[in-house]
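Engineer: the sequence and its predicted three-dimensional model are supplied below.
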Amino acid sequence: MKIKDVIECLKNEGTWVRWNRCTRDRVLFGDDDQEVKKIGVCWVATNKVIEQALKKGINFIISHENIFYTTGTHLETKLVESIEHKKDLLSKGNICVYRCHDVWDSIPEYGVSDVWAKKLGFDFRDRVINSYYQSANIPKQTVSELATHVANVLKEDGEEGVYVFGNVNKEVSHLAIGTGAGTDIFEMLEFNPDVVIVADDGITNYKDAQYAIDNDLPMIVVNHAGCEIGGLKNMVNYFNDKLPDLDVEYLEEGFHISYFGSLK
């Protein structure tokens with residue numbers, strides 16, 4: 001099987017993606033017309049991921065996020081230098097990189113949104129397939145208790161804590177969540193939540209945090225990678241179920257997030 005055939009399989013899953021218009025899901029580097037040897041999946045293909053791929057003979061990396069930092073040509077010189085180094089690493093192994101974002105955020109059961117909800121362990125209502133947002137009635141608890149639960153959930157995927165805006169002693173029972181950068185609290189307000197979980201890349205302090213504080217809406221903040229990596233690990237299970245003859249493994253990116261509190 002060629003790399004482009006695997007890509008086509010993933011694209012066929014994304015019935016909600018506007019393939020003829022605008023999508024993030026594209027080949028970012030390399031030749032997709034080569035035979036698949038081994039596949040590595042990851043949240044983002046850091047140099048650490050690529051070095052693992054070189055050692056393991058992996059010639060196809062599926063990365064959820066953009067491996068070249070940002071788009072456009074108005075870039076810091078140091079970013080350009082880092083991009084060129086990354087391309088050199090990829091060239092050494094004739095590695096093709098495909099970004100699977102719009103499909104993997106929303107694919108039912110296997111993808112980022114549903115895996116994040118499942119890991120949290122609450123009974124979320126059915127999600128609209130092309131939406132990042134879900135809500136659930138949860139056992140009444142303080143924000144502090146909920147935040148501790150979320151931190152414990154995140155630990156196995158490299159994040160050692162969370163931080164909170166608002167009253168941590170407030171009792172809450174109706175949770176709304178998004179996923180990754182898709183954590184617009186104004187979308188979540190449609191669910192009438194009394195607490196929300198957002199990601200750092202999905203909010204701003206001057207708008208979202210300020211609104212949450214002004215309107216007594218406790219906001220638990222997690223790292224973008226922390227809430228999505230579980231969904232990328234689960235891509236291995238997807239391939240085991242759909243294309244079991246392929247050799248697929250998860251490659252660790254190095255996103256270990258530690259938190260330090262002030263001494264009391």
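Structural biologist: Structure received.
Engineer: now the strands for the stretch 1-150 of the chain?
Structural biologist: All strands of the stretch 1-150 of the chain, identified by DSSP state E, counting those that start in this stretch, fall at 27-29, 39-42, 60-63, 96-99, 134-142.
Engineer: convert the C-alpha atoms of the longest one to CSV, please.
Structural biologist: Once side chains and other backbone atoms are set aside, the C-alpha atoms of strand 134-142 remain, and they are given as CSV (Å, rounded to 0.1, in the frame of the first residue of the first chain):
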residue,chain,number,x,y,z
GLN,A,134,-20.1,18.9,24.3
SER,A,135,-21.8,19.2,27.6
ALA,A,136,-22.7,16.9,30.5
ASN,A,137,-24.5,17.0,33.8
ILE,A,138,-21.9,15.9,36.4
PRO,A,139,-22.1,15.0,40.1
LYS,A,140,-22.3,18.2,42.2
GLN,A,141,-18.7,19.1,43.3
THR,A,142,-16.5,22.1,43.9
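Engineer: please point out which parts of it sit buried.
Structural biologist: For strand 134-142, the neighbour count (16 or more other Cβ atoms under 10 Å) marks 134-136, 138, 141-142 as buried. Any C-beta I mention is one placed from the backbone N, CA and C, and that applies to glycine too.
Engineer: quick one: closest of the strands of the stretch 1-150 of the chain to G121.
Structural biologist: For G121, the closest of these is strand 134-142, at 9.3 Å, according to Cβ to Cβ.
Engineer: look through this protein and tell me its longest helix.
Structural biologist: Ranked by number of residues, the top helix in the chain under DSSP state H is helix 77-92.
Engineer: returning to that earlier point: any idea which of the strands of the stretch 1-150 of the chain gets closest to I220?
Structural biologist: Closest of the strands of the stretch 1-150 of the chain to I220 is strand 134-142, at 11.7 Å (criterion: Cβ to Cβ).
Engineer: which residues touch that closest one?
Structural biologist: 113, 117, 122-125, 127, 146, 168-177, 188, 191, 193 (Cβ atoms under 8 Å, 6 or more residues apart in numbering).
Engineer: just the buried positions in stretch 251-259, please.
Structural biologist: Buried residues in stretch 251-259, counted by 16+ other Cβ under 10 Å: 251, 253, 255, 257.
Engineer: again but with stretch 22-30, I slipped
Structural biologist: For stretch 22-30, the buried set under the neighbour-count rule, 16+ other Cβ under 10 Å, comprises 24-25, 28-30.
Engineer: from those, pick the one nearest S63.
Structural biologist: Distances from S63 to the buried residues of stretch 22-30, taken by Cβ to Cβ, are shortest for L28, at 7.2 Å.
Engineer: quick one: contacts for that closest one?
Structural biologist: L28 touches 63, 66-68, 97-99, counting by Cβ under 8 Å, 6+ apart.
Engineer: from K11, how far out is it?
Structural biologist: Going from L28 to K11 by Cβ to Cβ, to the nearest Å gives 15 Å.
Engineer: swap in D245?
Structural biologist: Distance, D245 to K11, using Cβ to Cβ: 19 Å.
Engineer: one more: E35?
Structural biologist: From E35 to K11 the distance is 19 Å (Cβ to Cβ).
Engineer: same thing with E252?
Structural biologist: Distance of E252 to K11, computed by Cβ to Cβ: 26 Å.
Engineer: same check, this time on E76
Structural biologist: Remark: distance between E76 and K11 (Cβ to Cβ) = 33 Å.
Engineer: which of the two has more residues huddled nearby?
Structural biologist: K11 (17 against 10; other Cβ atoms under 10 Å).
Engineer: now, which of the contacts of strand 134-142 lie within helices?
Structural biologist: Per DSSP H, the contacts of strand 134-142 map to helices at 113, 117, 146, 188.
Engineer: let me know the closest of the buried residues of strand 134-142 to P218.
Structural biologist: Nearest to P218 among the buried residues of strand 134-142 is T142, at 9.3 Å by Cβ to Cβ.
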